[in-house]
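Visitor: Generate coordinates for the sequence data below:
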Amino acid sequence: MRRHQLTVLAVLVLALPSPASAEPWYRGRHGNNRVLHLSISTGLGVAYLASETVLKPSLAPDSCRWCSPPGIDVSVRDSLLWRDTESARLFSHLTGYVAVPVMGIGITALTALSAEDASWGRLIDDTIPIFETVAISQMVTQIAKWSLARQRPFVHYGSSEPDQDDNMSFWSGHSALAFGVTTSAGMVAHWRGSASEPFIWGIGLPLSAAAGYFRIAGDKHYFTDVVTGAVVGVAAGLTIPRLMRRRGDVMLVPQDRGAAIVGSF
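Guide: Okay, the predicted model is just below:
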């Protein structure tokens, strides 16, 4: 009789799900959340690329609505402008569009893959908030540039051939992207209690500031363009990653006459 009981117990133990057969990263409540944010990031990313390559000729403003800079922009431009503007523009691309994203996303991904609970789910939970921050902030930036139609400084102060990008100065997309990546990556590292957090802030913030400096030195943006872009990036990096957190810091709550977004920041 005891032998039969042991046999039944062994069968039951073998029938239990093992960690290897755990639910895939895209299933269940958290999986649905991941798929949602992956879809948002991908969709807005494709929309932004389309706005830069296909829609820009028809949507970019032909003339400026905001043409003359205020005194602070004139003063800062005169102080920081390089003679070799092309080199400054190249450095702005290397810092804002290469160094900061590689640093922020790279450190975050490596931390997730080396963690004790390393998995596809952990990797997505930690990196998608950064991608979504970039996708949303860049799309908002693009819409603002089309709508406000601020003339770029090199157009205002010099003679140049007409270009579809001439009246899209406000606000700086480089600054919004760089500060957005740094802030969102830093917040993810903070929530994870990761030892990489000081490196993200310590490397990312100076590189982001450098990207903004080079945009002014290259005569592509005014000081207020760069500062506004930085504020947008930081705000996006502080807010958007919270939408993917499992603790539900930000929630949509029904109200008597509609709904409200509530949360802890």
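
Visitor: Contacts only, for Y222.
Guide: When contacts are counted by C-beta atoms under 8 Å, 6 or more residues apart in numbering, Y222 touches P69, D73, V76, R77, P153, S169, F170, I216. The C-beta positions use only the backbone N, C-alpha and C, and glycine is treated the same way.

Visitor: cutoff 6 Å now
Guide: Y222 sits next to P69, D73, P153 when contact means C-beta atoms under 6 Å, 6 or more residues apart in numbering.

Visitor: And what about H221, helix, strand or coil?
Guide: Here H221 is coil, with the state taken from DSSP: H, G, I helix; E, B strand; the rest coil.

Visitor: quick one, phi psi at it?
Guide: Main-chain dihedrals, H221, degrees, to the nearest 10: phi -140, psi 150.

Visitor: So for it, what's the nearest residue that isn't a sequence neighbour?
Guide: R215 (4.2 Å; C-beta to C-beta, 6 or more residues apart in numbering).

Visitor: I'd like to know how many residues surround the one you found.
Guide: Using other C-beta atoms under 10 Å, R215 has 30 other residues around it.

Visitor: how about the helix or strand containing it: buried residues?
Guide: In this structure, R215 is located in helix 197-217 according to DSSP states H and E. Buried residues in helix 197-217, counted by 16 or more other C-beta atoms under 10 Å: 197, 200-201, 203-205, 207-217.

Visitor: And for that helix, what's in contact with it?
Guide: Residues contacting helix 197-217 (C-beta under 6 Å, 6+ apart): 80, 82, 88, 91-92, 95-96, 99-100, 103-104, 107, 172, 174-175, 178-179, 182, 185-186, 189-190, 221, 226.

Visitor: Now, of the residues you listed, which are buried?
Guide: For the contacts of helix 197-217, buried by 16+ other C-beta under 10 Å: 80, 88, 91-92, 95-96, 99-100, 103-104, 107, 172, 174-175, 178-179, 182, 185-186, 189, 221, 226.

Visitor: Just the residues you listed: which are in helices?
Guide: 80, 88, 91-92, 100, 103-104, 107, 174-175, 178-179, 182, 185-186, 189, 226 (DSSP state H).

Visitor: Run a quick neighbour tally on K145.
Guide: When neighbours are counted by other C-beta under 10 Å, K145 comes out with 24.
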